[in-house]
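Undergrad: The sequence and its predicted three-dimensional model are supplied below.
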Amino acid sequence: MLAIVTMNINLSTSSSDLTLSQITKQHVQTVTDMVTYDIPKIGFAQNGKVTKYNNPDTGSNYNMITIAEDERIRFYSDVDNNGQIDEVTWWFKTTDPVTTTNNPDDFKLVRTQRNMATNVTESTEITLGVTEFVINYYDEYGDSKANKMSTPITGSNLDNIKQIDIELIMESKEKIRYSVNSDGRYVASAWEKRFTPRNLQ
Amino acid sequence: MFGYTEVLQVIGAMIIFSLILMTSNSMILRNSTMQVEGELEQETIALAQDIIEEARIKEFDANTTAPLPPTQIPSGFTAAGGLGPSGGSAEDERHEFNDFDDYNGYTETVTTEHGDFTISTEVFYVDKNTFNKVTSPTTFKKMVVTITNALLVDGSDNMKEYKFEFIRNYYAD
């Protein structure tokens, strides 16, 4: 009888683990789709690229990247290819926890897109369980992580960024317990990618 | 009073239960393995994309890094046997590579949240129609990125090789 009960508990735990893992992976996929849509387009403009000295679409002067921190990046790009430059910001707000989940380690990841021509801002708050979103910057192609640029990057060093590496860890909203006495754990899924935006070369 | 029949029935029930238990354990194990494999394979793809994206923004050939291209194309490109870093201290490290085929023979172990991944890269000329490897210069080069991880193994416990290919055309740059 005890063996049957134990087997039943194991099966149900495994099933919950699998379901939570799938959901977390799906959430990771959602975020990575958004990130991989934006980052490679840094500096893109229909008639050339956004540079510090000349913006071919608007005639204004912008740096391609204006904020480069561990948890925040802001750059200019015509991300939606409508002929108007957008200011895009990704910000992992570690001071702003997600209150709708039981997980105490997840914080809000916010993507903001401001159209520089119309000044209309769209903001997307991601509250899917992001527990880590770290941005690393490199001034040499293929450099090791030990040689990443120290943040925050300011002034003329912003022009030296060639590659951007993003580390993302997401956890489930609920804990899974493996036995009655265990504290349980949140199911995590990680993703990391180094981008080489063409306009930064 | 119990007889042999009951004993045999109990033994039979135990055997059936053991079989169910073994099946369920193997199912749990298989699910966990597939879960881990899925996670690692996703990282494998990201790592391969990293190196391909990086290589494709470099010059097509060592002989096209100068302001003017070679006078004869494709015979003016590097010979098939000479693909790889130019040698000397100028192209020792990955960050010093300045053209696409410098990645030929490049190997690296990358540490991520998911552990260590071994990356090796091969670059060679391919035929413009069949995309098969050829031994003389053409305007097409293929990069093959092979990635392995100690946890990604086949049924015989040998590490699985994940291969990602990218074909680059000199005129499509």
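TA: Yep, that arrived.

Undergrad: Could you measure from A:T19 over to chain B?
TA: From A:T19 over to chain B the distance is 11 Å, taken as Cβ to the nearest Cβ, to the nearest Å. The C-beta positions use only the backbone N, C-alpha and C, and glycine is treated the same way.

Undergrad: Which strand or helix spans that residue?
TA: Remark: A:T19 resides in helix A:2-38, with elements defined by DSSP states H and E.

Undergrad: and what of B:P67?
TA: Mapping B:P67 onto the secondary structure by DSSP H and E places it in no helix or strand at all.

Undergrad: residues near it, how many?
TA: 5 (other Cβ atoms under 10 Å in any protein chain shown).

Undergrad: Next secondary structure after the top strand by length along chain A?
TA: Secondary structure assigned by DSSP state E gives strand A:163-176 as the longest strand of chain A. Where DSSP H and E defines the elements, the next helix or strand beyond strand A:163-176 is strand A:185-195.

Undergrad: who does that next one touch, helix- and strand-wise?
TA: Judged by 3 or more Cβ pairs under 8 Å, 6 or more residues apart in numbering or on different chains; DSSP states H and E, strand A:185-195 is in contact with helix A:2-38, strand A:163-176, helix B:4-56.

Undergrad: Pull out the buried residues from the second one.
TA: By neighbour count, with 16 or more other Cβ atoms under 10 Å in any protein chain shown as the criterion, the buried positions of strand A:163-176 are A:163-174, A:176.

Undergrad: my guess is B:L83 contacts B:T121, does it?
TA: No - with contacts defined as Cβ atoms under 8 Å, B:L83 does not count as touching B:T121, sitting 11.0 Å away.

Undergrad: Need the residues touching each of the two.
TA: Listed contacts common to B:L83 and B:T121 are B:N104; contacts here mean Cβ atoms under 8 Å, 6 or more residues apart in numbering or on different chains.

Undergrad: ok so, going back, kindly calculate the angle that the longest strand of chain A makes with helix A:2-38.
TA: Computed with axes from the mean of the first three to the mean of the last three Cα atoms, to 10 degrees, the direction of strand A:163-176 lies at 150 degrees from that of helix A:2-38.

Undergrad: Sheet-wise, list the partners of strand A:163-176 with their directions.
TA: Neighbouring strands of strand A:163-176 in its sheet, by DSSP bridges, are strand A:130-138 (antiparallel), strand A:185-195 (antiparallel).

Undergrad: Convert it to CSV, retaining C-alpha atoms only.
TA: What follows is the C-alpha trace of strand A:163-176 in CSV, where atoms were taken according to Å, rounded to 0.1, in the frame of the first residue of the first chain:
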residue,chain,number,x,y,z
GLN,A,163,28.8,42.5,-29.2
ILE,A,164,26.0,42.2,-26.7
ASP,A,165,25.5,39.1,-24.6
ILE,A,166,22.2,38.5,-22.8
GLU,A,167,21.8,36.0,-19.9
LEU,A,168,18.2,35.2,-19.1
ILE,A,169,16.9,33.0,-16.3
MET,A,170,13.2,32.5,-15.7
GLU,A,171,11.5,30.5,-12.9
SER,A,172,8.0,29.1,-12.4
LYS,A,173,5.5,31.2,-10.5
GLU,A,174,4.8,28.3,-8.1
LYS,A,175,7.1,26.0,-6.2
ILE,A,176,7.1,22.3,-6.7
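
Undergrad: what pLDDT, on average, does it get?
TA: When pLDDT is averaged over strand A:163-176, the result is 93.

Undergrad: contact partners of stretch A:16-25?
TA: So stretch A:16-25 is contacted by A:129, A:170-172, A:174, A:176, A:187-189, B:31-32, B:35, B:38-39, B:42 (Cβ under 8 Å, 6+ apart).

Undergrad: Report the distance from that stretch to the chain centre.
TA: The chain centre lies 20 Å from the centre of stretch A:16-25; the measure is Cα atoms, centre = their mean, to the nearest Å.

Undergrad: Rounded mean pLDDT for it, please.
TA: Mean predicted confidence for stretch A:16-25 is 90.

Undergrad: B:M143 should be in a strand, yeah?
TA: Yes - going by DSSP: H, G, I helix; E, B strand; the rest coil, the assignment for B:M143 places it inside a strand.

Undergrad: what about it, how many residues close to it?
TA: By the criterion of other Cβ under 10 Å, B:M143 has 22 neighbours.

Undergrad: Spell out which parts of chain B neighbour chain A.
TA: For chain B, the residues in contact with chain A (Cβ under 8 Å from any Cβ of the partner chain) are B:17, B:20-21, B:24-25, B:27-28, B:31-32, B:35, B:38-39, B:42-43, B:46, B:49-51, B:53-54, B:57-58, B:93-95, B:97, B:112-114.
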